[in-house]
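J.: pasting the sequence and the predicted model now:
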Amino acid sequence: MTSMETLLIKTEHKFRSLVTRQAYSKGEVICEIPSDNVVNKANRYTVQIGRDEHTDVGKLAALNHSCDPNVILDTKNMLMVACRDIAKGEELSFFYPSTEWEMAAPFICLCGASNCIHVVAGARFLPLSTLENHYLNPHIREMMIELLNNTEKHLTGLSEAKQ
Ligand SMILES: [Zn+2]
């Protein structure tokens, strides 16, 4: 069963989270990522799926960020997949910079993971060494390589100007 019906939005003190009513094994597909409504600007209900493409994810917008997540959003195949075994009743979370390049509303992460990145603002603000430890979607990888190439060009330009 790969359906969103197993997912439940929980609201506690105005804090939303997404909980599963079913257990999943690592690698199992949980549901498809909705793609009926693709927009060119991010908002709080979207996930980035391409350089200028953001899809309204409906119920999945209740997914919180974690630096030690239990699901990945695979925007190439448009699937949400368990990246470790998940128990029934557990909250689902993913690593926001794995889809978001530059977030409209950055925030401080208090997830408590030993590898916590603290400032969640999008992939462009994280060092490559941190990103490499996470699942990254193709558009993030592409934009990261472009950013590195531009930096290199800029540095080469500076050293050539000096000579
Ligand atoms: Zn964290």
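T.: Received it, and whenever you're ready, just let me know what you need.

J.: what's across from residue 65 in the sheet?
T.: residue 94 (DSSP bridges).

J.: can you pull the contacts of it?
T.: Residue 65 makes contacts with 93, 94, 95, 96, 109, 111, 120, as judged by Cβ atoms under 8 Å, 6 or more residues apart in numbering. The C-beta positions use only the backbone N, C-alpha and C, and glycine is treated the same way.

J.: low-confidence stretches in the protein?
T.: Across the chain, the ranges flagged by pLDDT under 70 are 1-2, 163.

J.: what does it put close to the ion?
T.: 67, 109, 111, 116 (Cβ under 5 Å from the ion).

J.: which among those residues end up buried?
T.: Neighbour-count burial (16 or more other Cβ atoms under 10 Å) is assigned, among the residues of the chain next to the ion, to 67, 109, 111.

J.: got CSV for those residues, with secondary structure and distance to residue 73 too?
T.: Formatted as CSV, those follow (DSSP: H, G, I helix; E, B strand; the rest coil; distance: Cβ to Cβ, whole Å):
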residue, secondary structure, distance to residue 73
67, coil, 15
109, coil, 17
111, coil, 17
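
J.: so who does the most centrally placed residue in the chain touch?
T.: With distances taken as Cα atoms, centre = their mean, residue 96 lies nearest the centre of the chain, 2.9 Å away. Going by Cβ under 8 Å, 6+ apart, residue 96 touches 65, 103, 120, 122.
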